[in-house]
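**Q** would you be able to build a 3D model of this:
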Amino acid sequence: MVIVVLDDDCMVDERDSLRLHRDRLMSIGIGWVRRVRRFQKWINVACVLGGALLSGVGGGMEGAMVPETGAGILTLKGLCILLGSAVVFLGGLALLIIQDEAPELLARAAALEGKAQEFLDERNGLTARLEGLAALDRRRLELIDANRTMREALEQTLLVPEADAGGAAQGMIDLAGRYLISSIGFETGEAWAISIFRVEADQHGEILNRIAALRADRLDERRQARSWRRNEGFVGAAWVSNRDTIIEDCREPQVAADYPVPAGCRRDYDADRYRSMAVIPIRLGAERRVWGLVAASSDRIGRFRRDPGNRQVQTVDTVRLVARMTGLMAAAFSRTGI
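**A** Coordinates of the predicted model:
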């Protein structure tokens, strides 16, 4: 698919220019008709009444319209009557045109203005769709670059004997960070996070510990991360169900009941920071056991949503890419026992 990218400033200038020409033409046409109608009474006075007066004056004169010599040259009386009749005829014709054509011209002008506005609206809609497709095309390219960068980072990490899964995961998302951000569409001022969790053993069984993170505020990455057990929060629920968990708005009433968070793991800012979530399990082996999970969050409603029929939605696809690459990394380290 080839996307034609139109310069935003150029499109704005053309739309403004079109509106300017449209307004100017409408102003000239409507103004002309209105001025003519405004001077209608003067046409009555100058042409109809003036012409009638001139004809009356000529008719009141003595003598014949044509000299008795028969030379065919009109007398003053004949000239007055003929000229007055001509003026009356032209004035009446002008009034007829104004009365019949002016409303139609005004109606046409209004219709043309409406058509011009419809055209501008259609053009604006087309421009918006083209801009959306161009943005989507750029995001897809970013997704491809993210895939390539993470794969290259993994290949380089595997050559380092001292490398471990946590360092490899962090290195992958650090190097591909700008591509991941653009691919998902995170915006300036948006509170977002991408975290990679690994299932690890502890004295109470198994727990999900964060081994890598990429956040809008890079300082948050250094803070102590919360760990999750089965059925705790979004990641704990996805761990148990072994299915993708995608939520458009975490403030919906049923969400809190389906994804309970223990009191010790709650934070005051959770409701504002985690408005939309996507949690993708990382599965290994023929038994498809959960090795870990990738969780992405945003404070923007609808940043992540289930819409498999919409090819323009790739925010969740980007999170799935991180999960697939982390799965490749996990499989490689599992063979070495790391």
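**Q** please report how far residue 298 lies from residue 328.
**A** Look at residue 298 and residue 328: by CB to CB, to the nearest Å, they are 26 Å apart. The C-beta positions use only the backbone N, C-alpha and C, and glycine is treated the same way.
**Q** which of the two has more neighbours?
**A** Comparing residue 298 with residue 328 by other CB atoms under 10 Å, the one with more neighbours is residue 298, at 25 against 15.
**Q** the more buried one is in contact with residue 249, isn't it?
**A** No. Proximity of residue 298 to residue 249 does not meet the contact threshold set by CB atoms under 8 Å, at 10.9 Å.
**Q** any shared contact partners between those two?
**A** 275, 276 (CB atoms under 8 Å, 6 or more residues apart in numbering).
**Q** which pLDDT value belongs to the residue lying closest to residue 261 once chain neighbours are set aside?
**A** With CB to CB, 6 or more residues apart in numbering as the criterion, residue 261 has its nearest non-adjacent residue at 4.8 Å, and that residue is residue 233. For residue 233, the model assigns a pLDDT of 90.
**Q** what do you get for the one 5 residues further on?
**A** Reading off the per-residue confidence, residue 238 sits at a pLDDT of 93.
**Q** what about it, which helix or strand?
**A** helix 233-241 (DSSP states H and E).
**Q** hang on, the earlier thing: how close does the residue nearest to residue 261 sit to residue 226?
**A** 8 Å.
**Q** which of those two has more residues huddled nearby?
**A** Shown here are residue 233 and residue 226; by other CB under 10 Å, residue 233 has more neighbours (24 against 19).
**Q** identify the residues contacting the more buried one.
**A** Residues near residue 233 by CB under 8 Å, 6+ apart: 259, 260, 261, 265.
**Q** next, give phi and psi for the third one.
**A** The reference is to residue 261. Dihedral angles of residue 261 (phi, psi; degrees, to the nearest 10) stand at phi -110, psi 120.
**Q** run a quick neighbour tally on it.
**A** Neighbour tally, residue 261, other CB under 10 Å: 17.
**Q** quick thing: my sequence starts at 11, can you match it?
**A** Renumbered: residue one is now 11, and that last one reads residue 271.
**Q** from what I can see it touches residue 280, true?
**A** Yes. Residue 271 lies in contact with residue 280 (CB under 8 Å); the separation is 7.3 Å.
**Q** buried residues in stretch 265-275, which are they?
**A** Within stretch 265-275, the residues scored as buried using 16 or more other CB atoms under 10 Å are 269, 271.
**Q** for the stretch 161-310 of the chain, give me the ranges with low pLDDT.
**A** Applying pLDDT under 70 to the stretch 161-310 of the chain flags residues 230-232.
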